[in-house]
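Enquirer: Any chance you can model this:
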Amino acid sequence: MQKSYKQLLPNIKAFVFDIDGVLTNSIFQIGADGKPVRNLNSKDGYAMQLAIKKGYIVGIISGGHCDNVASALKRLGMTDVYMKASHKIEAWKDLLAIYEYRGLRENQILYMGDDIPDYEIMQRAGVACAPYDAVPEIRSLAHYVSYKKGGEGCARDVIEQTLKVQKNWMLKEDHIW
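Expert: Model prediction:
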C-alpha cells in the first residue's frame, strides 16, 4: 500500500522547485531589452525564505534563465539555483553531491515540477509535487497535486504543509520577515 504524501512530509529536509509553471504562471512579458520578464508570487517568496531561515535546503532547477528572478531568489537567501539546466537530472545529482556531507538523501527532498523536463527528477524525489495546472504526465507522477496553480502560491502550499506536519509553522520567529 502506497503511503499518503502527508506520511512522507515528516522526512523532508529540502525543497527544490522549477521556475516556469511552478514559481511563475508561465506567462511572461518581453522586456524592453527583449528578455522575458517573470513575476514571482510574494507568498511563495515568504515561505521559501522562512524555510531557509529554519535550516531547510531550498533550491531551484530550471531550464530557463531570467536575471530578475535570479536576483530575487538570492535576496530570499537561496544559494542553490540551477538555471539553463537543459538536462535537469544532472543539476539534481550535483545538488545531492553538495549536500551529501549533511546526509541529505533523495527521499528527503520535496520536488515540485509542472512539465516533461521534470519527469526524471519526480521519479526520484521523496515527495513529488505538481501545481494544479501541471501537464497530465507530471500530475500522474505526483504524490500531491496542489490546489494552487503555478505562480499562484503552490510552493507556499507545499512548504506550509511540510512545516505544519513537522510542527515548525507559526512559531514566534515566523512573525519576522
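
Enquirer: Return the distance of the spatially closest residue to Gln166 that is not a sequence neighbour relative to Lys3.
Expert: In space, and not counting its chain neighbours, Gln166 is closest to Pro10: 6.0 Å by CB to CB, 6 or more residues apart in numbering. Using the backbone N, CA and C atoms, a C-beta is placed for each residue, glycine as well. Between Pro10 and Lys3 the computed distance is 11 Å (CB to CB, to the nearest Å).

Enquirer: One more: Trp92?
Expert: 22 Å.

Enquirer: Compare neighbour counts for those two and give me the winner.
Expert: Trp92 (23 against 9; other CB atoms under 10 Å).

Enquirer: Tell me if I am right that that one is in a strand.
Expert: No: assigned with DSSP: H, G, I helix; E, B strand; the rest coil, Trp92 falls outside any strand and is helix.

Enquirer: you'd agree it is up against Arg124?
Expert: Yes: with contact defined as CB atoms under 8 Å, Trp92 and Arg124 form a contacting pair (7.1 Å).

Enquirer: All the helices of this structure, residue numbers only.
Expert: Listed in chain order, the helices of the chain (DSSP state H) span 5-8, 42-53, 67-75, 88-98, 119-124, 136-141, 154-165.

Enquirer: buried ones in the second one?
Expert: Along helix 42-53, the positions that meet the burial threshold by neighbour count (16 or more other CB atoms under 10 Å) are Lys43, Asp44, Gly45, Tyr46, Ala47, Met48, Gln49, Leu50, Ala51, Ile52.

Enquirer: what angle sits between it and helix 67-75?
Expert: 40 degrees (axes from the mean of the first three to the mean of the last three CA atoms, to 10 degrees).

Enquirer: quick revisit: now tabulate the buried residues of helix 42-53 in TSV and tack on pLDDT and distance to Leu171.
Expert: Below are those laid out as TSV (pLDDT from 0 to 100; distance: CB to CB, whole Å):
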residue	pLDDT	distance to Leu171
Lys43	93	18
Asp44	94	20
Gly45	92	19
Tyr46	94	14
Ala47	95	14
Met48	96	17
Gln49	94	15
Leu50	95	10
Ala51	96	13
Ile52	95	15
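
Enquirer: Name the helix or strand of this structure that has the lowest mean pLDDT.
Expert: strand 36-37 (a mean of 66; mean pLDDT, DSSP states H and E).
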